[in-house]
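Asks: below are the sequence and a predicted model; questions follow.
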Amino acid sequence: MATLPGSSVWTGGAAVDEGAFLAACRQVMEAPSRGGGIGTLGEKTLHAALKLCLEPREGCREVLVGRFVADILNEEGVTEIQTSGFGRLREKLAFYLEAYPVRLVYPVAGIKWLVNVGPDGAAAPRRKSPKPEGPWQILPELAAVKEYLGHPGLRLLVPVLEVEEYRLRDGKGRRGYTRWERMPVRLLDQTAVEGPQEAGKLLPPGLLEEFTAKEFQKAGRFSPMQGSLALSAAKALGTVERIGNRGRAYLYRRAE
């Protein structure tokens with residue numbers, strides 16, 4: 001098992017550097033192993049670029065930690081980059097946080113260009129998605145690991161990117177398309193949460209001081225299911241608390 005000096009409390013860590021990110025994107029996309037084209041590798045481009053940007057040293061990437069493989073293990077602790085499905089992190093977090101500080105990185109698309117790809121590989125002209133994303137998009141995912149959200153060794157980093165999202169028309173998924181690959185274009189912004197006291201940064205913009213679950217869902221442009229999960233995570237983070245009812249609906253407010 002890999003070892004790391006120090007406690008499991010996070011003591012610091014770098015954010016995403018814009019220049020390093022763009023350089024990492026170029027390096028990943030120009031690598032000889034990319035010769036087969038978009039989506040030909042098991043590891044997606046966005047994940048690979050973020051990993052290279054956050055840790056240039058090859059020996060600190062894909063490190064065996066117990067029975068798990070960490071995206072990054074270095075002097076700052078463990079870094080896991082996740083683009084969806086936080087449920088698969090539950091066992092990893094339970095293990096890592098016993099000995100290491102952990103940073104979860106979840107990229108979102110502040111500007112998204114949609115490119116539909118037919119079965120023959122032909123790509124339609126790209127079009128801009130009308131739904132910009134922001135740091136609050138991590139909330140529905142965090143519901144899967146909410147029992148760890150108050151841990152002093154856990155930090156969150158949400159890079160906000162411009163991306164091109166390629167969707168394969170295969171008759172599956174939403175409207176017959178499956179998301180195939182997200183190609184990073186540039187870094188727009190990023191939100192770092194150093195601990196529960198900073199988790200208010202993840203609340204949707206325009207949220208009133210008092211609100212119902214439906215109003216929370218609307219502010220974040222969540223689906224009903226996403227809204228329910230996001231509100232659950234916000235309560236676990238301590239950023240939202242229930243204060244009563246408004247008619248038949250529960251009423252919440254931003255926590256102090």
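Replies: Structure received.
Asks: may I have the secondary structure class of residue 230?
Replies: Classification of residue 230 by DSSP: H, G, I helix; E, B strand; the rest coil places it in helix.
Asks: the closest residue to it other than its chain neighbours: how many residues sit nearby?
Replies: Nearest residue to residue 230, sequence neighbours excluded (CB to CB, 6 or more residues apart in numbering): residue 139, at 3.6 Å. Yep, even glycine has a C-beta here, placed from its N, CA and C like the rest. Neighbour count of residue 139, defined by other CB atoms under 10 Å: 27.
Asks: what's the next secondary structure element after the helix or strand containing residue 139?
Replies: Using DSSP states H and E, residue 139 sits within helix 139-142. Next helix or strand after helix 139-142 toward the C-terminus (DSSP H and E): strand 154-169.
Asks: returning to what we had before: give me the contact list for the helix holding residue 139.
Replies: Applying CB atoms under 8 Å, 6 or more residues apart in numbering, the contact partners of helix 139-142 are 82, 84-86, 106, 149, 156, 202, 220, 222, 225-227, 229-231, 233-234, 236-237.
Asks: what count of nearby residues applies to residue 206?
Replies: Neighbour tally, residue 206, other CB under 10 Å: 9.
Asks: let me fix that, I meant to ask about residue 177.
Replies: The number of residues near residue 177, taken as other CB under 10 Å, comes to 17.
Asks: what angle separates the helix or strand harbouring residue 178 from strand 154-169?
Replies: If you go by DSSP H and E, residue 178 is part of strand 177-193. Here strand 177-193 runs at an angle of 160 degrees relative to strand 154-169 (axes from the mean of the first three to the mean of the last three CA atoms, to 10 degrees).
Asks: what is the mean pLDDT for strand 177-193?
Replies: Strand 177-193 carries an average pLDDT of 87.
Asks: circling back to that earlier point, from residue 221, how far off is the residue nearest to residue 230?
Replies: 12 Å (CB to CB, to the nearest Å).
Asks: what's the answer for residue 158, then?
Replies: 16 Å.
Asks: repeat for residue 94
Replies: Residue 94 is 32 Å from residue 221, by CB to CB.
Asks: same question, residue 243
Replies: 24 Å.
Asks: likewise for residue 111?
Replies: On the measure of CB to CB, residue 111 and residue 221 end up 15 Å apart.
Asks: repeat that for residue 29.
Replies: 30 Å.
Asks: next, give phi and psi for residue 22.
Replies: phi -60, psi -40 (degrees, to the nearest 10).
Asks: just to check, it is in contact with residue 186?
Replies: Yes: the pair residue 22 and residue 186 passes the contact test of CB atoms under 8 Å, sitting 6.7 Å apart.
Asks: the two: which has the busier surroundings?
Replies: Ranked by neighbour count (other CB under 10 Å), residue 22 and residue 186 place residue 22 first, with 16 against 13.
Asks: how about the contacts made by residue 49?
Replies: Here residue 49 is in contact with 21, 24-25, 27-29, 184 (CB under 8 Å, 6+ apart).
Asks: and the contacts of helix 139-142, which are buried?
Replies: 82, 86, 106, 149, 156, 202, 220, 222, 226-227, 229-231, 233-234, 236-237 (16 or more other CB atoms under 10 Å).
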